[in-house]
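**Q** return atomic coordinates for the entry below.
(one chain, ligands or ions: 1)
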Amino acid sequence: MLIGVPKEIKPDEYRVALTPAGAEMLSQDGHNVVMERGAGLGSGFTDDFYAEAGVGLLDTAEEVWAQADMIMKVKEPIHQELPHMRDGQVILTYFHFAADESLTRACLEAGVVAIAYETVKLPNGELPLLTPMSEVAGRMAVQEGAKYLEKPQGGLGVLLGGVPGVLPGKVLILGGGVVGTNAAKMAAGLGSRVHIMDINLERLRYLDDVMPANVQVLFSTRYAIRKQVQDADLIIGAVLIPGAKAPRLINREDLALMRPGTVIVDVAVDQGGCVETIRPTTHQDPVYLVDEVMHYGVANMPGGVPRTSTLALTNSTLPYALALAEKGWEQACLLDSALKAGVNMVHGQVTCQGVADAFGMECHDVNDLLMGSAQV
Ligand SMILES: NC(=O)c1ccc[n+]([C@@H]2O[C@H](COP(=O)([O-])OP(=O)(O)OC[C@H]3O[C@@H](n4cnc5c(N)ncnc54)[C@H](O)[C@@H]3O)[C@@H](O)[C@H]2O)c1
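**A** Just a heads-up that it's a prediction; the model follows:
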């Protein structure tokens, strides 16, 4: 199969869909990989690395799209890219169709086979291609929070780890899933006092078993949150209700309970946030004050550390890319239910219930579309 990787062109996006190591594995499996020149530079991978890995380098994105049977990307195609798509071309990327009707209609019209990283789902419910980005965001939340707690940045002037004779800072984490657990590990490693709140008692029991002694777990209620925010130095929003807007856990009037200079990093901002006063911000302009409380609302945190994020993403996507390249999308999906769940549309037909519901479209059973391949 011929696999194409264009350079990401969405503003502030420095990740790339394939590392040189990933490209080498695809080449060694007998596939051809073509990439747009400079596609890896934002993540620190020069064209020479890719050339050594057997990649054919092309001058324009247009050539990559025109040649490839399967396109690998990071972000959804944006308007300059839409005319390049063609019928039957497999596109593997984060699409988030339900949030973008015009993208959905453009991809349906083009007739592509759209496999969305965010809906690839293991039988146990895990989303293996979202997990690495949640891991990055959770770990980064503490790093960013620690920075904005510094006085010159507008924060409380608290060192999260404290020093001998001075209490460490308190980090309150709302949600003990992937983001929350990774944030807790980092905060605990710095020596802070960490409190994780969740509504899932099983999860709290698990975290209580595995976390170090400076991490405490608490059942999440509005009452308990109002108490906890009063002496928290850093508050991290890390909740998720799958398929829904993030639940509102901190209201505007709660800010008055906090000390001036308290920092809130609401990682859940991409789902609307769990803090009433949060709004999406960018890496260029990440923070703002409301009632003297610092708010950090960057909606694409992993984009700030593209080298780590690219490596983490490729580690997770590569097994799926190898299967798709080797078997073709129909056979690969027949053999792997997780990958099948990633198929959002095929030849102009929506195959993902969430996308169909978002725009009142008919949802076709992907199994029916795969039937023809079952005998192969
Ligand atoms: N900003 C970014 O760059 C970025 C990057 C990655 C993930 N995210 C977002 O981070 C959020 C968390 O992602 P995740 O992968 O950790 O999800 P997850 O499903 O692994 O964990 C979410 C946790 O929230 C808990 N929860 C739900 N309601 C709660 C409540 N009322 N109080 C306390 N806990 C509650 C759940 O029980 C679960 O344990 C999501 O909104 C995700 O989209 C943002």
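**Q** was I right to think residue 179 contacts residue 137?
**A** Yes - in this structure, residue 179 is within contact of residue 137 by C-beta atoms under 8 Å, at 5.6 Å. Heads up, the C-betas are built off the backbone N, CA and C, glycines and all.
**Q** overlap of the contact sets of those two?
**A** residue 267 (C-beta atoms under 8 Å, 6 or more residues apart in numbering).
**Q** would you mark the buried spots in stretch 191-207?
**A** 192-198, 203-204, 207 (16 or more other C-beta atoms under 10 Å).
**Q** er, stretch 99-116 actually
**A** So stretch 99-116, judged by 16+ other C-beta under 10 Å, has buried residues 100, 103-104, 106-108, 110-116.
**Q** mind saving the C-alpha coords of it as CSV?
**A** Listed next in CSV are the C-alpha coordinates belonging to stretch 99-116 (Å, rounded to 0.1, in the frame of the first residue of the first chain):
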residue,chain,number,x,y,z
ALA,A,99,-18.3,19.0,16.3
ASP,A,100,-18.0,20.0,12.6
GLU,A,101,-20.9,19.6,10.2
SER,A,102,-19.2,21.1,7.2
LEU,A,103,-16.2,18.8,7.5
THR,A,104,-18.6,15.8,7.9
ARG,A,105,-20.4,16.8,4.7
ALA,A,106,-17.2,17.4,2.8
CYS,A,107,-15.8,14.0,3.7
LEU,A,108,-19.1,12.3,2.8
GLU,A,109,-19.2,14.0,-0.5
ALA,A,110,-15.6,13.0,-1.3
GLY,A,111,-16.4,9.4,-0.5
VAL,A,112,-13.5,8.7,1.7
VAL,A,113,-13.1,5.9,4.3
ALA,A,114,-12.7,8.0,7.4
ILE,A,115,-11.2,6.2,10.4
ALA,A,116,-11.2,8.5,13.5
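**Q** what does the helix or strand hosting residue 146 rub up against?
**A** Element membership for residue 146 (DSSP states H and E) is helix 131-148. Under the criterion C-beta under 8 Å, 6+ apart, residues 153-155, 160, 171, 177-183, 185-187, 190, 234, 236, 238, 263, 265, 267, 286-287, 294, 296, 298, 301-302, 304-305, 308-309, 312-313, 315-316 lie in contact with helix 131-148.
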